[in-house]
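S.K.: A predicted structure for the sequence below; I have some questions about it.
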Amino acid sequence: MISALDPSALSLNENPFAPLPAVRAALIRSAGAANRYPDFLPTRLRRLVAQHAGVPEDSVVLGSGASGVAMQVLSALTSPGDRIVLSRPTFDGYPIFARIARLSTVDVPLDHYGRHDLAAMIRAAADARVVVLCRPHNPTGTLEPLADVDAFLQRIPADTVVLLDEAYIEFVAPNQRIDPAAVLRRFPNVVVLRTFSKAYGLAGLRIGYGLAAPDLAATLWDMQVPFGIPADCLVAVAASYGAEAQLRQRIGAITAERRCLRSRLWEAGVATTDSQANFVYLPAGVRPWRDVFAGLQVRHYPDGAVRITIGSRESTRMVLSALGRALNAPADARHSRTRLAAARRPAPRPAGSAAVRLPARALG
Ligand SMILES: Cc1ncc(COP(=O)(O)O)c(C=O)c1O
């Protein structure tokens, strides 16, 4: 049985809170009608999401998580052998989706601040069918400035589809979010991807949506599988929208916990990227993060970097005590202790939007 509150489950960027009482009550009520099919097509959920996102109804498509919507986009708009431009590293799903759709992946390494190399992505997009921009990015949590995204979209060819992945957008300050309605009006090749898995804390229900200009959305809506979105999804989204104030409080608690963890890591000499999401990213250094965080479920990367989801206060304590234990390792671990101590270099204080420059070999 999965536990809602396991403080060591820090590898999937899940929400550390169990569903809100109103959401749980609505789900329990809806379970009583599980003998019935849901809506043939998710038109009621579409209307609800459109109103909330401030876009016309015919701009919304629904899927089994943002992952499901991404797959709908690739199935509807690509042919085997087409190119897809991805940052490296990126959300683990994208290389899998590309493989399923039999696309050829063009990897563009992140820059040394953990940000997308937008200029290189524009060059690569010139002969690609799809380009993916995550804002904030996973795994680094960095956020491309609004003006840079605008300039980027202007330079992408009109027949290249842009997946603008906003899986973590609710963690971003409102004045740093794009206005989806305005973007869709100007860029008919953009699909904005969002999910209820992260800030809304409904990863287990698998609800995601895409926003696109009506023509593109119509092509994607044609891919909606009959009875494909469970009734629970409508019920949970309606209850969540009705409890926005409580959700905002939870988001505030998670971002406060992220600030706390980043500062404590900084005090311990550990640099992190400027994450605007519900996780922190520690680039590879001389520290063997795999050993340091051995008892925790965190996401390790082949180059030695690690991504840690923000959990409860208990989770933060577990992360910091694992680090503390490594820094104070006894004599038989003298070698790694020396390496750890050597790595304790001052890093810029993680405040505001200050960027942390990563070691040259940390990414890529
Ligand atoms: C950037 C990004 N996009 C999409 C997803 C997929 O989310 P979902 O649970 O809605 O499929 C994730 C999940 O971790 C993610 O990090």
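M.R.: Thanks, I have the structure now. Residues are numbered from 1 along each chain as shown.
S.K.: Check which element follows the longest helix seen in the chain along the chain.
M.R.: Looking across the chain with DSSP state H, the single longest helix is helix 244-267. Per DSSP states H and E, the first helix or strand lying C-terminal to helix 244-267 is strand 279-282.
S.K.: Name the strands paired with that next one and say parallel or antiparallel.
M.R.: Paired strands of strand 279-282, with direction, are strand 306-309 (antiparallel) (DSSP bridges).
S.K.: quick one: the strands in the stretch 201-350 of the chain?
M.R.: For the stretch 201-350 of the chain, the strands defined by DSSP state E, counting those that start in this stretch cover 207-212, 279-282, 299-300, 306-309.
S.K.: Output the longest one as PDB, restricted to C-alpha atoms.
M.R.: As requested, C-alpha coordinates have been extracted for strand 207-212 and formatted as PDB (Å, rounded to 0.1, in the frame of the first residue of the first chain):
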ATOM      1  CA  ILE A 207      -5.200  14.300 -14.900                       C
ATOM      2  CA  GLY A 208      -3.500  16.600 -17.200                       C
ATOM      3  CA  TYR A 209      -4.500  19.100 -19.900                       C
ATOM      4  CA  GLY A 210      -3.200  20.900 -22.900                       C
ATOM      5  CA  LEU A 211      -4.000  24.400 -24.100                       C
ATOM      6  CA  ALA A 212      -3.700  25.200 -27.800                       C
END
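S.K.: And for that strand, what's in contact with it?
M.R.: 49, 53, 55, 59-69, 72-73, 180, 184, 188, 190-197, 217, 220, 229, 233, 236-237 (C-beta atoms under 8 Å, 6 or more residues apart in numbering). In this view, the C-beta of every residue, glycine as well, is placed from N, C-alpha and C.
S.K.: Can you flag which of those residues belong to strands?
M.R.: Within the contacts of strand 207-212, residues falling in strands by DSSP state E are 60-64, 190-195.
S.K.: So which of those wins on neighbours?
M.R.: Highest neighbour count within these: residue 61, with 29 neighbours (other C-beta atoms under 10 Å).
S.K.: Now the element after the helix or strand containing residue 97, going C-ward?
M.R.: Per DSSP H and E, residue 97 falls inside helix 93-100. Next helix or strand after helix 93-100 toward the C-terminus (DSSP H and E): strand 104-109.
S.K.: And for the nearest residue to residue 19 once chain neighbours are set aside, the neighbour number?
M.R.: Of all residues not flanking residue 19 in the chain, residue 201 sits nearest, at 6.2 Å (C-beta to C-beta, 6 or more residues apart in numbering). Under the neighbour criterion other C-beta under 10 Å, residue 201 is assigned a count of 24.
S.K.: ok, residue 201 touching residue 17?
M.R.: Yes. Judged on C-beta atoms under 8 Å, residue 201 makes contact with residue 17 at a distance of 5.6 Å.
S.K.: what touches both of the two?
M.R.: Common contacts of residue 201 and residue 17 (C-beta under 8 Å, 6+ apart): residue 250.
S.K.: Just the element for residue 128, please.
M.R.: Using DSSP H and E, residue 128 falls within no helix or strand.
S.K.: need the contact list for it.
M.R.: 82-85, 106, 160 are the contacts of residue 128 under C-beta under 8 Å, 6+ apart.
S.K.: Kindly provide the distance from it to residue 7.
M.R.: Applying C-beta to C-beta, to the nearest Å, the value for residue 128 to residue 7 is 41 Å.
S.K.: Ok, residue 28 next?
M.R.: 25 Å.
S.K.: and the two? which has more neighbours close in?
M.R.: Legend: neighbour count by other C-beta under 10 Å for residue 28 and residue 7, higher for residue 7 (17 against 10).
S.K.: Double-check that one against residue 321; I have them as touching.
M.R.: No. Residue 7 is beyond contact range of residue 321, at 11.7 Å (criterion: C-beta under 8 Å).
S.K.: Overlap of the contact sets of the two?
M.R.: Residues touching both residue 7 and residue 321 (C-beta under 8 Å, 6+ apart): there are none.
S.K.: ok, which of the contacts of strand 207-212 also contact the ligand?
M.R.: By C-beta under 6 Å from any ligand atom, the members of the contacts of strand 207-212 lying near the ligand are 65-67, 195, 197.
S.K.: Adding distance to residue 298, write the residues you listed out as TSV.
M.R.: Output for those, formatted as TSV (distance: C-beta to C-beta, whole Å):
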residue	distance to residue 298
65	22
66	22
67	21
195	21
197	18
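S.K.: Around the ligand, which positions in this structure sit nearby?
M.R.: For the chain, the residues in contact with the ligand (C-beta under 6 Å from any ligand atom) are 13, 65-67, 91, 93, 134, 138, 165, 167, 195, 197, 203, 208.
S.K.: Pull out the buried members of those residues.
M.R.: Neighbour-count burial (16 or more other C-beta atoms under 10 Å) is assigned, among the residues of the chain next to the ligand, to 13, 65-67, 91, 93, 134, 138, 165, 167, 195, 197, 203, 208.
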